[in-house]
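Asks: my questions are about this predicted structure, shown below with the sequence.
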Amino acid sequence: MSLKVYNTLARKKEEFIPREKERVSMYVCGPTVYNYIHIGNARCYVAFDVIYRYLQYRGYGVTYVRNLTDVDDKIINRAKEEGLDTKEVAEKYIKAFHEDMENLGNKPPQIEPRATEHIDEMLEVIKCLIEKGFAYEIDGDVFFEVQRFNGYGELSGRTLEKMRAGERVDVDKRKRHPMDFALWKSSKPGEPNWDGPWGKGRPGWHIECSAMSSKYLGMGFDIHGGGHDLIFPHHENEIAQAEACAGKAPFVRYWLHNGFVNIRDEKMAKSLGNVILVREILKKYGSNVLRMFFVSTHYRSPINYTEENLDSAAAALERIENAIQNIDYLLNKSEEIAGTAMSGIEGFEEMIKGVEEKFAQAMDDDFNTASALGAIFDFIKEINLFLEESQKNLSEKSRYLLKEARDKLIKLMGVLGIKLGRKEVAKKLPGELLDLAKSIVGQAFEKEGTALGALVDAREKARREKDWTKADLVRKELGKLGFILKDTPRGCQVIYEEK
RNA sequence: GGCGGCGUAGCCAAGUGGUAAGGCAGAGGUCUGCAAAACCUCGAUUCAGCGGUUCAAAUCCGCUCGCCGCCUCCA
């Protein structure tokens, strides 16, 4: 089985053959740290986190680099607004970014280079470009001359003639071609600046990714990722800079781009002012739900943000969580069930073996998470059917299989970055349990755990005596404290949702 | 004007030549004191529309309609 990825440069799916047999080099454009990130940004980082995880799952070692753009016009403007200096703004939002990444459940990249710490590397590239005749200097500004670079426009599939430079923004008249872009900008007083051969200034946006990706991954690395909107001009310019300076191609083997998050059928973007912040949405839904929402659609397709879609993702996730909980519950009770071998067990065993292959097949097809979820849900169905059988008849073998199924489910969902079956060993039970137990059971308890046990027992007793009022009272009061009680043929299953 | 994409059940969504996965919501049923979970049954003769190629098309080609993105910063 081979992995296929959609390469923007080729405009089709290609077999993925990394530069080195067992190691993948991957660079993803990180944030410009001038604001909190929104769901659109989050989708990109989650998409590439899933790709990162899947490559590792597939046995590759992955060198994952994601930069931080900490010098930029927007940061300068933001600093003025907030009355901070640019460094403080950058630090503030880098910290926030890291918090958001962690709360999203994203694994950190191995290397997270900052633009301001790589000025020398950028200056080297700029000097190289001037020497080779690909760039020119005017009044302390340095521009890349796009007409000198042959492949310009190849990634985005456009030609210089067809582009409408200046359509929406005035063109700097000093430039030799309207599409020429800045490599170095002379700085105004009060702006962050570094000494360069052309006077004090700061780097243009595109140069940092060329310089830093080459530094850490070398020319010709495997995957360069980012949002769809970065194809032009950002990634186009990166290619021009890197390949012009190196005098060889390719700069990158596979270009991967994720689709947008839309809201009310419009792109979610800071510039459109329709963003929903990651930290806001996570308060309401949590990372598992948000990730479920993302992976239910292929990463290259647009995805529409609506409350309804998030709720739907939450319900789907619950179906998976229920299966895990129900397995756990049954396994805990298993010693009470004498079992003999039952029919249909072989089918279930096959299913456990097969699900991983189906999952991988889907993921091998350009990381088709939506299709992979289909395999997961087929599996869930089988688990539920097997669980129902096992209520009456649980052999050693089926116990073992249920555990296998559970582990498999956790493993595969883990590849999507969705964490299941966490055992919160040290989870603190609410102290109100003591009071509740005292008033209902009529006895003082010292530990919350025993109080909870006594309450459940009291309810069981009430149910046996058909005292429904009391039984329902216990369930209702425990519900207020976050406990969910489910009566099963095998007793009362208690689920505690952490608030 | 150029380039790219999208349109599959009430909603979300996979499927890119072999006869429509899956999830959510909904209806009925089983189980059940109630609740929850789960299970069973029910939904597109059809994939925006119209033509064409083919033994065979949601999938390929052409046209039409509608929507979106990029060509400025943007994930």
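Replies: Received it, and whenever you're ready, just let me know what you need. None of the values given here were measured: they were computed from a predicted structure.

Asks: CA atoms for contacts and neighbours, from now on please.
Replies: Fine.

Asks: so what's residue A:412 up against?
Replies: Counting by Cα atoms under 8 Å, 6 or more residues apart in numbering, residue A:412 touches A:356, A:359.

Asks: list the buried residues in the helix or strand hosting it.
Replies: Using DSSP states H and E, residue A:412 maps to helix A:396-415. For helix A:396-415, a neighbour-count test (16 or more other Cα atoms under 10 Å) marks A:398-399, A:401-403, A:405-406, A:408-415 as buried.

Asks: for stretch A:229-238, same thing?
Replies: For stretch A:229-238, burial by neighbour count (16+ other Cα under 10 Å) applies to A:230, A:231, A:234, A:235, A:236, A:237, A:238.

Asks: list the buried ones in stretch A:239-257?
Replies: Across stretch A:239-257, burial judged by 16+ other Cα under 10 Å covers A:239-246, A:251-257.

Asks: RNA strand B: which of those is nearest?
Replies: Set against RNA strand B, the nearest of the buried residues of stretch A:239-257 by Cα to the nearest atom of the strand is residue A:257 (7.1 Å).

Asks: could you point out the longest helix in chain A?
Replies: helix A:307-332 (DSSP state H).

Asks: would you map the helices across the stretch 1-150 of chain A?
Replies: Using DSSP state H, counting those that start in this stretch, the helices of the stretch 1-150 of chain A run over residues A:39-57, A:73-82, A:86-104, A:119-131.

Asks: meant to ask about the stretch 201-350 of chain A
Replies: All helices of the stretch 201-350 of chain A, identified by DSSP H, counting those that start in this stretch, fall at A:205-217, A:236-246, A:278-295, A:307-332, A:345-364.

Asks: will you turn these into a markdown table that also has distance to RNA strand B and mean pLDDT?
Replies: Listed next are those as a markdown table, based on distance: least, Cα to the nearest atom of the strand, whole Å; pLDDT from 0 to 100:
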| stretch | distance to RNA strand B | mean pLDDT |
| --- | --- | --- |
| helix A:205-217 | 6 | 96 |
| helix A:236-246 | 9 | 96 |
| helix A:278-295 | 7 | 96 |
| helix A:307-332 | 4 | 94 |
| helix A:345-364 | 8 | 94 |
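
Asks: any chance of those helices in TSV with distance to residue A:48 as columns?
Replies: Converted to TSV, the helices of the stretch 201-350 of chain A look like this (distance: least, Cα to Cα, whole Å):
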stretch	distance to residue A:48
helix A:205-217	16
helix A:236-246	19
helix A:278-295	11
helix A:307-332	20
helix A:345-364	13
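
Asks: so which elements touch the longest helix of chain A?
Replies: Secondary-structure packing of helix A:307-332 (3 or more Cα pairs under 8 Å, 6 or more residues apart in numbering; DSSP states H and E): helix A:278-295, helix A:369-392, helix A:396-415.

Asks: distance to residue A:180 for these - can I get that in TSV?
Replies: Output for the helices and strands packed on helix A:307-332, formatted as TSV (distance: least, Cα to Cα, whole Å):
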stretch	distance to residue A:180
helix A:278-295	35
helix A:369-392	39
helix A:396-415	42
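
Asks: ok, now how distant is the residue in the stretch 201-350 of chain A that RNA strand B sits nearest to from residue A:47?
Replies: The nearest approach of the stretch 201-350 of chain A to RNA strand B comes at residue A:227, 2.3 Å away (Cα to the nearest atom of the strand). Here residue A:227 is placed at a distance of 10 Å from residue A:47 (Cα to Cα, to the nearest Å).

Asks: now do the end-to-end distance for stretch A:126-142.
Replies: For stretch A:126-142, the first-to-last residue distance is 8 Å (Cα to Cα).

Asks: tell me who's in contact with the residue lying closest to residue A:50 once chain neighbours are set aside.
Replies: Nearest non-adjacent residue to residue A:50, counting by Cα to Cα, 6 or more residues apart in numbering: residue A:416, 5.4 Å away. Residues near residue A:416 by Cα under 8 Å, 6+ apart: A:50, A:53, A:54, A:291, A:295, A:369.

Asks: any idea how many residues pack against the first one?
Replies: Applying other Cα atoms under 10 Å, we find 25 residues neighbouring residue A:50.

Asks: repeat that for the one 5 residues further on.
Replies: The local packing count at residue A:55 equals 20, with neighbours defined by other Cα under 10 Å.

Asks: would you quantify the distance from it to residue A:296?
Replies: 19 Å.

Asks: separation between residue A:127 and residue A:207?
Replies: With the distance defined as Cα to Cα, residue A:127 ends up 12 Å from residue A:207.

Asks: compare neighbour counts for those two and give me the winner.
Replies: Using other Cα under 10 Å as the criterion, residue A:127 and residue A:207 rank with residue A:207 on top: 26 against 18.

Asks: ok, back up a step: tell me the predicted confidence for the residue nearest to residue A:50.
Replies: With respect to pLDDT, residue A:416 scores 98.

Asks: quick check: residues of the stretch 351-499 of chain A near RNA strand B?
Replies: Listed as neighbours of RNA strand B in the stretch 351-499 of chain A under the rule Cα under 7 Å from any atom of the strand: A:365, A:368, A:370-375, A:377-378, A:380-382, A:384-385, A:388, A:463, A:468-469, A:471-472, A:485-488.

Asks: now do the contacts for residue A:37.
Replies: Contacts of residue A:37 (Cα under 8 Å, 6+ apart): A:31, A:97, A:100, A:277, A:278.

Asks: let me fix that: residue A:2
Replies: For residue A:2, the contact set (Cα under 8 Å, 6+ apart) comprises A:15, A:16, A:364.

Asks: ok, for the last one, nearest residue in space, not its chain neighbours?
Replies: Spatially, and ignoring its direct neighbours in sequence, residue A:364 is nearest to residue A:3 (4.4 Å; Cα to Cα, 6+ apart).
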